[in-house]
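[1] Got a predicted model here, sequence first, then my questions.
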Amino acid sequence: MYDEIVPLIWLKLVLVLCIFGVVLYIFNSMMRKLLKVEKKKFLSYNHINATHKKVDWTIRILIIVCLFVGLFINVQNDFSDGYWFLETYFLLFLFIILSEIATAFMEWKYAENKNAYLFTIFQLLFIVAFLLIMFASDFFGLIKS
């Protein structure tokens, strides 16, 4: 029974993530046209200047350190006694938010196209809303409590 359920959960999860990817792509395309923002390179850092690069890497390094600290602290505790703010999902959520806020600030302050920061903020709000809905709904019912 267990062998039949686990692959089905993974299949549903991959399906939800693929649907999210398509919806995010459509959302980004519409927002780019609306705000007249050029497309960034896929999977690149897109730093505005040297200051942005330093801030971005500082955030990345701090999150990685927190991930390791959280791992060591939460492994020593019972599963129910772990610190929620050191859990991987929370730290990755925090990383996304801090990184995109830093990017939006740097775009607002230094970018040639001033609408770039609006695009980054709308994209961040879309992703955060999706992630909150996913966690609040137990991944749309895929994870049964």
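    All right, it came through fine. Numbering: from 1, shown residues only.

[2] count of neighbours near Val128?
    Val128 has 14 neighbours, counted by other CB atoms under 10 Å. Glycine gets a C-beta too; all of them are placed from N, C-alpha and C.

[3] thought it was touching Ile97?
    Yes - between Val128 and Ile97 there is a contact at 6.7 Å, judged by CB atoms under 8 Å.

[4] residues of the helix or strand where Val128 lies that come out buried?
    Per DSSP states H and E: Val128 is located in helix 116-136. By neighbour count on 16 or more other CB atoms under 10 Å, the buried set for helix 116-136 is 116-124, 126-127, 131, 134.

[5] By pLDDT, give me the weakest of those residues.
    In terms of pLDDT, the weakest of these is Met134, which scores 82.

[6] can you tell me how far that residue sits from Ile64?
    Taken as CB to CB, to the nearest Å, the spacing of Met134 relative to Ile64 amounts to 24 Å.

[7] if you go through this structure in chain order, where are the helices?
    2-35, 50-76, 88-110, 116-136, 138-141 (DSSP state H).
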